[in-house]
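Engineer: Please find the sequence and the predicted model below.
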Amino acid sequence: MFDTFTASQRHEIMASVRSEATAPELILRHALWHNGFRYRINDKRLPGSPDIVLPKYRTVLFVHGCFWHGHANCSRFTIPKTNPEYWSAKISHNKQRDQEVWRQLESKGWAVIIVWECQLKKTIRKETVANVCDEIINNGVLYYKEKEERKRAREVYRNEIRVKQERRAFLLKMSKGLV
Ligand SMILES: [Zn+2]
C-alpha cells in the first residue's frame with residue numbers, strides 16, 4: 001500500500017495516523033473536560049501511550065474500537081467472512097498486546113479504564129460518562145489514601161531508626177562511663 005511513498009512520506013503518514021484522535025475519543029475527552037477533569041493525551045512516556053492520562057487520579061483511559069480490540073459480545077465485533085483466520089489472529093494479537101500494556105501500567109500503580117466505542121453511542125453516552133467519572137474519582141481517593149499510608153509508614157520507619165540510634169548512643173556513653 002505504501003510502496004509508492006518515500007520513507008519520509010511513509011513516516012509522516014504513519015505519524016499522522018497515530019496522533020489523530022478518533023471521534024469516540026474526542027467525545028470522551030470533551031465530556032471529561034466539561035466535568036472538570038484535566039488530562040494529558042497520548043502520553044508516550046507511559047506503556048501503550050494511553051489516550052487520556054489523569055495524573056491527579058493516577059488513572060489512564062483507553063478508548064477502544066470494538067472491532068480492532070475484539071469487544072466480547074458486541075455487535076460491532078464480528079470476524080469478517082473473508083479471510084477469517086487472518087482477522088482472528090490479528091485481533092487476538094491486539095487483545096494480547098492490550099493485556100500486556102494493562103499489566104505494565106498497573107504494575108506502575110496506574111488504574112486503567114477501558115471505554116469501548118459502542119459505550120459512547122448517543123443513547124448510552126451519558127450513563128457511560130457518569131460511570132467513568134465515578135470510577136476516576138474513586139481511583140483518585142484510593143491513590144490519595146495509599147499516598148497517605150505510604151507517608152505514615154515512612155514516618156513510623158524514620159521514628160524507629162531514630163529511637164534505635166538514640167539507644168545506641170546512650171549505650172555507648174554508658175559503656176564509657178559517661179552516664
Ligand atoms: Zn462494543
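Structural biologist: Thanks, I have it.
Engineer: pLDDT score for G65?
Structural biologist: At G65, the model reports a pLDDT of 94.
Engineer: can you give me phi and psi for it?
Structural biologist: When read as degrees, to the nearest 10, the backbone of G65 gives phi -70, psi 130.
Engineer: how many other residues sit next to the closest residue to it other than its chain neighbours?
Structural biologist: Here the nearest residue to G65 in space, its sequence neighbours aside, is E117; by Cβ to Cβ, 6 or more residues apart in numbering that works out to 5.1 Å. Every residue, glycine included, has its C-beta placed from N, CA and C. Burial of E117, expressed as a neighbour count using other Cβ atoms under 10 Å, amounts to 23.
Engineer: again, but for E135
Structural biologist: Counted with other Cβ under 10 Å, the neighbours of E135 add up to 16.
Engineer: distance of the residue nearest to G65 from M174?
Structural biologist: Between E117 and M174 the distance, using Cβ to Cβ, to the nearest Å, works out to 73 Å.
Engineer: picking that back up, I136 versus the residue nearest to G65, what's the distance?
Structural biologist: Separation of E117 from I136 (Cβ to Cβ) stands at 19 Å.
Engineer: Could you pull out the helices in this protein for me?
Structural biologist: Residue ranges of the helices in the chain, as given by DSSP state H, are 7-19, 23-34, 84-107, 122-175.
Engineer: Where among these is average confidence lowest?
Structural biologist: Considering the helices of the chain one by one, the lowest average pLDDT is found for helix 7-19, at a mean of 58.
Engineer: just checking, the residue nearest to G65 touches C66?
Structural biologist: Yes - taking Cβ atoms under 8 Å as the contact criterion, E117 and C66 are neighbours in contact, 5.2 Å apart.
Engineer: can you list residues touching both of the two?
Structural biologist: In terms of Cβ atoms under 8 Å, 6 or more residues apart in numbering, E117 and C66 are both contacted by the residues R76.
Engineer: so how far is R40 from the most centrally placed residue in the chain?
Structural biologist: Within the chain, one residue has its C-alpha closest to the average C-alpha position: by Cα atoms, centre = their mean, that is V60, at 2.9 Å. Counting by Cβ to Cβ, the gap between V60 and R40 amounts to 10 Å.
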